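>>> from the sequence below, what's the structure:
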Amino acid sequence: MVGNKEKVASNYLDGALEGLEPQSTVDFGDTGDLLDAAGLEYEEYDPFKADIVGTERGARFLCYGGYIYTLNKASKHSIYWVCRESVVGCMGKVRSSLECSTVRDVHYHNHAPSPAEIREVKARAAIRQKASEAFKPKSKPKKETTANTRNKNQFDPSLFIDAKAEDFPVEPKFLEQLNIDGVWAVTSGQDQKRFLLYDNKSDGDGRLIVFATDDQLGFLCKSPKVYVDVSPSLAPAIFNQLIVIQGDLGSEVVPIIYAFAAGDSVAMYEELFTVILSKCQDLKVRFEPPEFIMGYNVNCLAVCKQFFGSDFAYSGKFYHLSQFVWHSIQDLQLTGLCQESERFRLICCELVALAFLPVNDVWHGMASIKETLANEADNFSDLDTVKELLDKFDVTFVSGKITGKQKSNGDLEVHQVPPVFPIESWNLFAKTITNDPITNNVLETCGTNFNFLVGNTKPPVFKAVSFLKQEQQLVAQKILSFNEGVLVEKKSKPSLVTGHEKLARLCSQYASKEFSMKVFLVSVARNVRIGDW
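Okay, here's the model as predicted:
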């Protein structure tokens with residue numbers, strides 16, 4: 001139960017923050033290109049000027065002295081802020097007046113200030129504000145009353161919310177009704193550039209629309225790694241999938257190319273990579289990535305081998321592997337069994353836990369899981385479908401399949417076909433031991449942010465394009481900061497760091513033979529997650 005003291009503090013907090021307005025101008029130093037990208041005004045950077053910055057989720061940050069503070073509590077006369085790095089042990093905090101005109105009682109931090117990070121936070125808020133104002137509906141002003149009158153200078157959360165449905169063109173119900181032109185085909189900001197790279201105008205399953213700027217394509221060609229992610233659920237309603245191709249910034253990856261595809265055929269991927277390579281040739285740059293990081297899409301892999309050679313370097317992340325298992329569960333209609341049977345959920349997690357075994361032990365691990373299922377057959381009502389799930393994973397990732405061909409003399413010639421995705425392309429044992437990234441959280445975050453900003457899966461087409469245009473501006477800023485050597489390093493969440501440490505410890509213990517393979521698989525399975533579990 002909340003006490004009177006907490007209630008009073010909460011009331012003062014609501015009243016104090018009501019009048020704080022996030023800043024709409026951003027300091028970009030001497031970088032004119034960033035100003036053009038965002039279409040924002042120049043402001044001299046004053047590290048000891050207290051600025052309030054709003055986020056898309058309605059939170060507010062205090063930027064002061066080169067540090068970013070989050071709200072802690074409020075009293076009758078003051079607001080208390082703590083350093084955003086407090087989750088990792090920083091004790092920095094300040095106390096400000098209710099209007100944030102003065103800041104005092106500064107406690108020291110255990111890390112250096114980061115003006116570049118403040119620029120990024122302020123830019124993100126300002127770009128969202130500018131984008132929402134651009135799509136703000138023109139409506140008759142409402143008559144103000146005493147009850148609904150609002151100070152024009154007060155913080156308005158609606159400035160950080162996407163445009164409403166009535167601000168967009170009429171949503172097409174069929175592909176032949178869709179035409180992307182005008183403001184939807186160019187970037188936002190004062191210096192508008194071409195954003196729509198390609199549209200084949202097809203009316204059927206072959207419709208393909210590609211978005212990318214020339215500058216960002218040039219950056220992608222220099223990226224040491226290229227990430228390809230395919231998401232059916234985030235594609236606009238009349239399309240089958242959203243394809244995002246991302247470049248590497250060292251500490252994070254950023255989306256460069258977006259494609260709305262109505263199909264998932266080999267021909268579609270051939271057309272996509274033909275468009276990319278043709279445009280790169282026009283720009284006089286070569287698109288030959290040293291390494292691809294991609295999901296386990298058979299058609300995409302086949303086309304990449306066709307364009308970049310059968311021996312091109314590629315691998316997948318743990319996220320891709322877990323998504324494959326989860327989608328297979330859905331395809332086989334086993335989600336109901338997942339809800340009913342904890343043992344079945346654990347077996348599914350053991351499948352992805354195979355990635356943490358040494359390469360030479362993976363085949364034995366797969367056999368161990370099948371043996372476990374055979375011994376517990378009575379516990380599963382739909383045993384044949386469960387076996388089908390395990391066989392699908394085995395054929396795709398572990399053992400491959402055996403095919404036979406009858407010779408003219410009647411003898412049967414047997415061939416062992418290797419798995420579609422070799423064990424080396426998805427195995428994580430060595431990376432976990434050496435503390436290399438075992439999952440690409442940026443790929444996951446990209447989808448999460450997209451889903452949050454557009455408000456739902458299978459969003460309207462023009463609402464999706466609006467998000468892509470906003471994201472493009474932020475990517476342009478990050479690439480420029482990266483080229484100038486001032487990009488803020490993206491930090492992993494403490495929970496992810498802890499999870500990785502647990503997995504690394506388990507792998508080390510297994511390598512030193514502290515426990516058996518079965519115990520190892522169960523232990524790892526209890527520390528990983530698939531789908532909605």
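>>> just give me the longest helix of this protein.
Counting residues, the longest helix found in the chain (DSSP state H) is helix 461-483.
>>> show me what the helix or strand just after that one is in contact with.
Downstream of helix 461-483, the first helix or strand assigned by DSSP states H and E is helix 494-511. Helix 494-511 is contacted by residues 87-88, 356-358, 429, 432-433, 435, 438, 441, 515, 517, 520, 523-524, 527 when judged by C-beta atoms under 8 Å, 6 or more residues apart in numbering. (C-beta placed from N, C-alpha, C; glycine too.)
>>> output helix 494-511 as CSV - backbone C-alpha positions only.
Below are the C-alpha coordinates for helix 494-511, written out as CSV (Å, rounded to 0.1, in the frame of the first residue of the first chain):
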residue,chain,number,x,y,z
PRO,A,494,23.0,-6.5,-17.9
SER,A,495,20.6,-9.5,-18.2
LEU,A,496,22.1,-10.5,-21.5
VAL,A,497,25.6,-10.2,-20.1
THR,A,498,24.7,-12.4,-17.1
GLY,A,499,23.0,-15.0,-19.5
HIS,A,500,26.1,-15.1,-21.6
GLU,A,501,28.3,-15.6,-18.6
LYS,A,502,26.2,-18.6,-17.5
LEU,A,503,26.4,-20.2,-20.9
ALA,A,504,30.2,-19.6,-21.0
ARG,A,505,30.6,-21.2,-17.6
LEU,A,506,28.5,-24.3,-18.7
CYS,A,507,30.6,-24.7,-21.8
SER,A,508,33.8,-24.5,-19.9
GLN,A,509,32.6,-27.1,-17.4
TYR,A,510,31.5,-29.4,-20.2
ALA,A,511,34.9,-29.0,-21.9
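>>> buried stuff in it?
For helix 494-511, the neighbour count (16 or more other C-beta atoms under 10 Å) marks 499, 500, 503, 504, 506, 507, 510 as buried.
>>> let's test this: mean pLDDT of it, rounded?
For helix 494-511, mean pLDDT rounds to 83.
>>> same check, this time on stretch 60-78
What stretch 60-78 shows for mean pLDDT is 83.
>>> measure it end to end?
Stretch 60-78 has an end-to-end distance of 16 Å (criterion: C-alpha to C-alpha, to the nearest Å).
>>> now do that stretch: distance to the chain's middle.
Average the C-alpha atoms of stretch 60-78, do the same for its chain, and the two points are 28 Å apart (C-alpha atoms, centre = their mean, to the nearest Å).
>>> so who does residue 104 touch?
Per C-beta under 8 Å, 6+ apart, neighbours of residue 104: 94, 95, 96.
>>> do you know the pLDDT at it?
pLDDT, residue 104: 76.
>>> mind listing the strands for the stretch 51-200 of the chain?
With strands called from DSSP state E, counting those that start in this stretch, the stretch 51-200 of the chain shows them at 51-54, 60-64, 67-74, 78-83, 93-97, 103-104, 196-199.
>>> dump these into a markdown table; add distance to residue 310 as well.
A markdown table is the format used below for the strands of the stretch 51-200 of the chain (distance: least, C-beta to C-beta, whole Å):
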| stretch | distance to residue 310 |
| --- | --- |
| strand 51-54 | 50 |
| strand 60-64 | 50 |
| strand 67-74 | 48 |
| strand 78-83 | 51 |
| strand 93-97 | 57 |
| strand 103-104 | 61 |
| strand 196-199 | 27 |
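>>> so which of the ones you listed is nearest residue 122?
Closest to residue 122 of those is strand 51-54 (C-beta to C-beta; 5.3 Å).
>>> just say helix, strand or coil for residue 414.
Recorded secondary structure, residue 414: strand (DSSP: H, G, I helix; E, B strand; the rest coil).
>>> so who does it touch?
402, 403, 404.
>>> present those residues as CSV; the columns should include secondary structure and pLDDT.
What follows is the contacts of residue 414, written out as CSV (DSSP: H, G, I helix; E, B strand; the rest coil; pLDDT from 0 to 100):
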residue, secondary structure, pLDDT
402, strand, 81
403, strand, 80
404, strand, 74
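>>> of these, which is the nearest to residue 244?
residue 403 (35.2 Å).
>>> quick check: beta-bridge partners of the closest one?
Beta-bridge partners for residue 403, by DSSP bridges, are residue 415.
>>> what's it in contact with, if anything?
If you count contacts by C-beta under 8 Å, 6+ apart, residue 403 has them with 414, 415, 417.
>>> can you rerun that using 10 Å?
413, 414, 415, 416, 417 (C-beta atoms under 10 Å, 6 or more residues apart in numbering).
>>> cool, and residue 328?
Here residue 328 is in contact with 334, 348, 351, 388, 389, 390, 392, 393, 396 (criterion: C-beta under 10 Å, 6+ apart).
>>> do that again at 6 Å, thanks
389, 392 (C-beta atoms under 6 Å, 6 or more residues apart in numbering).
>>> am I right that it falls within a helix?
Yes. Counting by three-state DSSP, residue 328 falls inside a helix.
>>> roughly how far does it sit from residue 170?
To residue 170, residue 328 is 38 Å away according to C-beta to C-beta, to the nearest Å.
>>> residue 206 too?
24 Å.
>>> what of residue 393?
Counting by C-beta to C-beta, the gap from residue 393 to residue 170 is 44 Å.
>>> more crowded one of those two?
Shown here are residue 393 and residue 170; by other C-beta atoms under 10 Å, residue 393 has more neighbours (22 against 8).
>>> and the strand or helix carrying the more buried one, average pLDDT?
Following DSSP H and E, one finds residue 393 within helix 383-393. Averaging pLDDT along helix 383-393 gives 92.
>>> how about stretch 225-233: buried residues?
225, 226, 227, 228, 229, 230, 231.
>>> next, count neighbours for residue 528.
For residue 528, the neighbour count with other C-beta under 10 Å is 21.
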